[in-house]
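here are the coordinates; sequence isn't available:
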């Protein structure tokens, strides 16, 4: 199963191409500019016995180099983020579609967000008389026609 940690790592590795620090500490602790902060918000989870449906919003905050003179820098970063997260996000060996890309500038901070949703198989461990049975789901079934 793909975890939220896997998703955040994939996002952070994409952001590393900027050569800008990606922070994971609390903003109130202080940070160097420019900086990125990444949060996974509005996560939802539902499912059945065999699979889980997960959806969430990825929120990326960009704090520009200069707190007061930032307009061109923020526009350039916004465009680079849009190109970087244009259609897909690769997490481990899967690609997730990116939906609803939004950019908002508030008090000199760029807020860039997008939604992802995906299905993931559950790892099911069956037990018989207290003993675990490890089994895999069938992936392909070959059926040969039996002639009468």
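Ah, there it is. Keep in mind that this is a model prediction, so the values were computed, not measured. Numbers count the residues shown, from 1 in each chain.

partners of residue 111 in the sheet?
With DSSP bridges applied, residue 111 shows beta-bridge pairing to residue 61, residue 104.

Now do the contacts for it.
With contact taken as Cβ atoms under 8 Å, 6 or more residues apart in numbering, residue 111 is in contact with 59, 60, 61, 102, 103, 104, 105. Using the backbone N, CA and C atoms, a C-beta is placed for each residue, glycine as well.

between these, which is closest to residue 12?
Closest to residue 12 out of these is residue 60 (9.9 Å), distances taken as Cβ to Cβ.

For the closest one, the count of nearby residues, please.
Summarising burial for residue 60: neighbours were counted as other Cβ atoms under 10 Å, giving 23.

Quick check: closest non-adjacent residue to it.
Using Cβ to Cβ, 6 or more residues apart in numbering and skipping residues adjacent in sequence, the residue nearest residue 60 is residue 112, 4.5 Å away.

Which residues are in contact with the one you found?
Contacts of residue 112 (Cβ under 8 Å, 6+ apart): 59, 60, 61, 62, 78, 81, 82, 85, 101, 102, 103.

what are the ranges of the strands in the chain?
21-23, 35-47, 51-63, 88-91, 94-97, 99-106, 109-121, 126-128, 131-133 (DSSP state E).

if we take the contacts of residue 112, which one ends up nearest to residue 121?
Nearest to residue 121 among those, counting by Cβ to Cβ, is residue 85 at 25.2 Å.
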